[in-house]
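**Student:** coordinates for the following, if possible.
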Amino acid sequence: MIALRRTAAVSLTRIRPLHQAADIAKQSTIAGANHSPQSGDEKSIKRYPEKGIGLCPHRRSNFTTVNENTHYNVVFLRHGQSTWNRDNRFIGWTDTPLTEDGVLEARLAGQMLQKSRVKFDEVHTSLLRRSIRTTNLSLMEMGLEWIPVHKSWRLNERNYGDLVGKNKKEVVKVHGADQVKRWRRSYDEPPPPMTDDHAYHPARDPRYRFMTHKIPKSESLKCTMERSSVYWDETIAPSLRAGKTVLVVGHENNLRSLIMRLEDISEEDIINLSLPRAVPLAYRLDENLKPLPRPDGKLDEATGFLRGEWLGGDKAVAEILDRDSKQVYDTSIEKNLELCEDKQKWRDWMQFVMGKPQPEQAAAASALLGEDRTERSG
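**Tutor:** A predicted model of the protein is given here:
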């Protein structure tokens, strides 16, 4: 549990000094909590289905609350930092790779999940490599590389239309913060559409060669929800009902669309929901696949909307979201908040949290910690 408490602080190392990390780590709602089922919960244990490894009665003590008291568990995870996250550009379906820091974020997400002891039966992700590589790195940290990984374009990020490739803060300076927020976060107001000759049009990508007629020119959250809901209903929900524990690794807006539906967030309120990178959000669901209350009976403090549990802690997530908002909307801040001013100090902290790599990981350590020239040039 000590290791999980340390892990909870990781995503904030570029915001807070290292000596304050312990304070952030204490915010984890999973670590150190005792949520063992009471005697009245025995029926839920007996109903454990044969399929899935999410909850095993005879190993009940080996799992935390994420896997107790319910057979229906889903965890949402946004990908690590990509090159265009770092550069503060609208991404959409553009296939930007993870940065060196994004690789570390993905590994730390896997460490959070591993330390929480949640076990997965399968993973669902998009066709975009920033999400796919986050999946692979997280599974590596959990020792679950062998489980099935399902990929679908329906879990892609929303298409930002004509905004794709542009610097977000520069767009705010031209169109104003309110307009850009509506384009980014509202339910049914899409950005201006991209033209057919747009430099980053997805039709240029061979992975979509058999579905060019389905490629949107621009998408609102409503449009994104229409395609993600199909995948949830036809693929994810049946797995959950079969007793499987599911990890969904995706992008901010495709995850927002799924969570909006799961939590019954209104069309008016969804504009205020943002999600951090690489911090797992764990849900326990009832038999109707609706969220069960958090152990504290409250909504999360980071967003004020969610019954899921942030494995990095509510306070940590709130500070990340505040940084992300300033990175886009606060035009008085000229520096790029995504860039680490003391990279070696941050990496040293990462190694402290994760521990030294195992011998079998030593050969890949230099690439994972920033020696990958391909990622650097992406």
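**Student:** could you use CA atoms for every contact and neighbour count after this?
**Tutor:** Fine.
**Student:** do you know how far the nearest residue to K166 once chain neighbours are set aside is from K115?
**Tutor:** Counting by C-alpha to C-alpha, 6 or more residues apart in numbering, K166 lies nearest to R89, which is 5.3 Å off, once chain neighbours are set aside. From R89 across to K115, the span is 33 Å (C-alpha to C-alpha, to the nearest Å).
**Student:** the residue nearest to K166: what's it in contact with?
**Tutor:** Neighbouring residues of R89 by C-alpha atoms under 8 Å, 6 or more residues apart in numbering: V164, G165, K166, N167, K168.
**Student:** what subset of those is buried?
**Tutor:** V164, G165, N167, K168 (16 or more other C-alpha atoms under 10 Å).
**Student:** next one: the second one from T212, what distance?
**Tutor:** According to C-alpha to C-alpha, G165 stands 20 Å off from T212.
**Student:** which strand is the longest one in the protein?
**Tutor:** Longest strand in the chain, counting residues (DSSP state E): strand 72-78.
**Student:** in the stretch 251-378 of the chain, which spans are strands?
**Tutor:** Ranges of strands in the stretch 251-378 of the chain, per DSSP state E, counting those that start in this stretch, are 281-285, 309-310.
**Student:** TSV please, covering these and showing mean pLDDT.
**Tutor:** Formatted as TSV, the strands of the stretch 251-378 of the chain follow (pLDDT from 0 to 100):
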stretch	mean pLDDT
strand 281-285	95
strand 309-310	96
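**Student:** export these to a markdown table and tack on mean neighbour count?
**Tutor:** Shown next, in a markdown table, are these (neighbours: other C-alpha atoms under 10 Å):
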| stretch | mean neighbour count |
| --- | --- |
| strand 281-285 | 24 |
| strand 309-310 | 24 |
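**Student:** any chance of those in CSV, with distance to E268 too?
**Tutor:** Listed next are these as CSV, based on distance: least, C-alpha to C-alpha, whole Å:
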stretch, distance to E268
strand 281-285, 23
strand 309-310, 23
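**Student:** closest one to E157 among these?
**Tutor:** Closest of these to E157 is strand 281-285, at 17.8 Å (criterion: C-alpha to C-alpha).
**Student:** by contact count, what packs against that closest one?
**Tutor:** For strand 281-285, the contact count by 3 or more C-alpha pairs under 8 Å, 6 or more residues apart in numbering; DSSP states H and E identifies strand 72-78, strand 309-310 as packing neighbours.
**Student:** of those strands, which stretch is the most buried?
**Tutor:** Among the helices and strands packed on strand 281-285, the stretch with the highest mean neighbour count (mean count of other C-alpha atoms under 10 Å) is strand 72-78, at a mean of 26.
**Student:** gap between the residue nearest to the spatial centre of the chain and P193?
**Tutor:** Closest residue to the average C-alpha location of the chain: R78 at 1.8 Å, with C-alpha atoms, centre = their mean. For R78, the distance to P193 equals 25 Å [C-alpha to C-alpha].
**Student:** need the contact list for K151.
**Tutor:** K151 sits next to H124, T125, S126, L127 when contact means C-alpha under 8 Å, 6+ apart.
**Student:** pLDDT weak spots in this structure?
**Tutor:** 1-70, 340-378 (pLDDT under 70).
**Student:** what segments of the stretch 1-150 of the chain are strands?
**Tutor:** Here the stretch 1-150 of the chain has its strands, by DSSP E, counting those that start in this stretch, at 72-78, 122-125, 149-151.
**Student:** with distance to P291 added, can I get those strands in JSON lines?
**Tutor:** Putting those into JSON lines (distance: least, C-alpha to C-alpha, whole Å) gives the following:
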{"stretch": "strand 72-78", "distance to P291": "9"}
{"stretch": "strand 122-125", "distance to P291": "19"}
{"stretch": "strand 149-151", "distance to P291": "23"}
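**Student:** out of those strands, which is closest to L281?
**Tutor:** Each of the strands of the stretch 1-150 of the chain has some distance to L281 by C-alpha to C-alpha; the shortest is strand 72-78, at 5.1 Å.
**Student:** in stretch 123-141, what's buried?
**Tutor:** Of all the residues in stretch 123-141, those buried under the rule 16+ other C-alpha under 10 Å are 123-141.
**Student:** contacting residues for the residue nearest to L155 when sequence neighbours are not counted?
**Tutor:** Closest residue to L155 apart from its sequence neighbours, by C-alpha to C-alpha, 6+ apart: S126 at 4.7 Å. S126 makes contact with I132, K151, S152, W153, R154, L155, N156, V249, G250, according to C-alpha under 8 Å, 6+ apart.
**Student:** in the residues you listed, find the pair that's most separated.
**Tutor:** By the measure C-alpha to C-alpha, I132 and R154 form the most distant pair in the contacts of S126, at 13.9 Å.
**Student:** what about dumping the CA coordinates of stretch 239-249 to CSV?
**Tutor:** Written as CSV, here are the backbone C-alpha positions of stretch 239-249 (Å, rounded to 0.1, in the frame of the first residue of the first chain):
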residue,chain,number,x,y,z
SER,A,239,-18.4,-8.5,-21.5
LEU,A,240,-19.4,-6.8,-18.3
ARG,A,241,-22.6,-8.7,-17.9
ALA,A,242,-20.6,-11.9,-18.4
GLY,A,243,-18.6,-11.0,-15.3
LYS,A,244,-15.5,-9.8,-17.0
THR,A,245,-13.5,-6.9,-15.6
VAL,A,246,-12.8,-4.4,-18.4
LEU,A,247,-10.2,-1.7,-19.0
VAL,A,248,-11.1,1.0,-21.5
VAL,A,249,-8.1,3.0,-22.7
